[in-house]
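In: Predicted model, plus sequence, below.
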Amino acid sequence: MQTLDTTYAALADPTRRAILARLALGEATVGEIADPFPISGPAVSRHLKVLEEADLVVRRKQGQTHILSLNPSGLKSAQEWLDYYRAFWTSSLDRLEAHLKSTPQKESK
């Protein structure tokens, strides 16, 4: 089961974010994903496993080839969390702005 913590832990790593950015362009094989990174194949596989466990990436087999694609619905819980706090802070800052505008300014001497 995907949790918010799992999603953000997966997104915390720059290599995993780069993998997601690549998959946002379209499906790719494991080799195509691994090619631009200066890390070992097993290290890339571990990153992919974290992304799959966070439900951010889907893997399917075509013959002996593993094809990966982005799972946009995997980001849903993270987006909902961000949306909630965006609304909270926007409302709070709007109230602060209204309060500051309604408060008389003291003149400095």
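Out: Yep, that arrived. Numbers count the residues shown, from 1 in each chain.
In: Show me where the chain has its helices.
Out: 4-11, 14-23, 30-34, 41-53, 76-102 (DSSP state H).
In: closest to His66 out of those helices?
Out: Ranking these by their distance to His66 (criterion: CB to CB) puts helix 30-34 first, at 4.9 Å. Bear in mind the C-beta positions are built from the backbone N, C-alpha and C, glycine included.
In: Can you list the buried residues in that closest one?
Out: Of all the residues in helix 30-34, those buried under the rule 16 or more other CB atoms under 10 Å are 30, 33-34.
In: same question, stretch 34-49
Out: So, applying 16+ other CB under 10 Å, buried residues of stretch 34-49: 34, 44, 47-48.
In: repeat for stretch 83-94
Out: For stretch 83-94, it's none, nothing buried (16+ other CB under 10 Å).
In: Show the average pLDDT along it.
Out: The average pLDDT within stretch 83-94 is 87.
In: and the residue nearest the centre of the chain, how far is that from Ile33?
Out: When CA atoms, centre = their mean is applied to the chain, the residue found nearest the centroid is Leu11 (4.8 Å). As judged by CB to CB, to the nearest Å, Leu11 and Ile33 stand 16 Å apart.
In: repeat for Leu56
Out: Applying CB to CB to Leu56 and Ile33 gives a distance of 13 Å.
In: now swap in Ile39 and tell me
Out: 11 Å.
In: Over to Ala98?
Out: The value you get for Ala98 to Ile33, if CB to CB is used, is 49 Å.
In: Quick check: of the buried residues of helix 30-34, which lies closest to Leu70?
Out: The closest of the buried residues of helix 30-34 to Leu70 turns out to be Ile33 (CB to CB; 11.4 Å).
In: ok, the closest one - contacts?
Out: 19, 22-23, 44, 48, 68 (CB atoms under 8 Å, 6 or more residues apart in numbering).
In: at 7 Å instead, please
Out: 19, 22, 44, 68 (CB atoms under 7 Å, 6 or more residues apart in numbering).
In: Using TSV, lay out those together with pLDDT and distance to Ala78.
Out: TSV is the format used below for the contacts of Ile33 (pLDDT from 0 to 100; distance: CB to CB, whole Å):
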residue	pLDDT	distance to Ala78
Ile19	96	16
Arg22	95	19
Val44	94	23
Leu68	96	19
